[in-house]
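Visitor: Sharing a model that was predicted from the sequence below.
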Amino acid sequence: MGTYLHTLISRFPGLELSIARLHRNDPEFRSICDEMEMADAARMRWNGQPDRAEEYQKIFDRLQDEFLDHLSKKTRIAFAQSIQQRNSDNGRNS
């Protein structure tokens with residue numbers, strides 16, 4: 001697990017398992033995380049120049065929204081699939 005992934009998990013500790021699973025299995029999610037890391041690093045690098053730092057903060061904020069939206073969507077899908085699987089398993093065991 002990468003260092004920045006640990007950073008994301010520490011920001012959202014209740015979502016650790018979902019974040020780790022998606023990071024491992026979903027290239028699109030991994031890409032969002034990588035872009036967040038780059039924007040966060042740029043924001044810190046430009047900290048001495050408020051206009052530039054603000055620009056990267058906005059980019060980071062948009063990426064964080066995308067990160068949370070993707071996480072929410074994929075988690076809902078996985079939950080629905082597990083319910084559907086459990087229901088179909090229960091039907092076979094009757």
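Guide: Thanks, I have the structure now.

Visitor: quick one: pLDDT of residue 90?
Guide: Predicted confidence (pLDDT) for residue 90: 67.

Visitor: how many neighbours does the residue lying closest to residue 66 once chain neighbours are set aside have?
Guide: Spatial nearest neighbour of residue 66, excluding adjacent residues (C-beta to C-beta, 6 or more residues apart in numbering): residue 32 at 5.5 Å. (Each C-beta comes from the backbone N, C-alpha and C, glycine too.) By other C-beta atoms under 10 Å, 22 other residues sit near residue 32.

Visitor: what residues does stretch 46-66 touch?
Guide: With C-beta atoms under 8 Å, 6 or more residues apart in numbering as the test, stretch 46-66 has contacts from 32, 35-36, 39-40, 42-43.

Visitor: got the contact list for residue 15?
Guide: Per C-beta under 8 Å, 6+ apart, neighbours of residue 15: 9, 71, 75.

Visitor: Now do the second one against residue 20, distance only.
Guide: When C-beta to C-beta, to the nearest Å is the yardstick, residue 71 and residue 20 sit 11 Å from each other.

Visitor: what about the two, which has more around it?
Guide: Higher neighbour count among residue 71 and residue 20: residue 71, with 20 against 15, using other C-beta under 10 Å.

Visitor: how near is the more buried one to residue 13?
Guide: The value you get for residue 71 to residue 13, if C-beta to C-beta is used, is 13 Å.

Visitor: And residue 20, what's its pLDDT?
Guide: On the pLDDT scale, residue 20 gets 93.

Visitor: wait, it sits on residue 6?
Guide: No: the pair residue 20 and residue 6 does not pass the contact test of C-beta atoms under 8 Å, sitting 9.9 Å apart.

Visitor: hang on, the residue nearest to residue 66 packs against residue 68?
Guide: No: with contact defined as C-beta under 8 Å, residue 32 does not count as touching residue 68 (9.8 Å).

Visitor: Is the residue nearest the centre of the chain part of a helix or strand, or is it coil?
Guide: With distances taken as C-alpha atoms, centre = their mean, the residue of the chain nearest its centroid is residue 67 (4.1 Å). Assigned with DSSP: H, G, I helix; E, B strand; the rest coil, residue 67 falls in the helix class.
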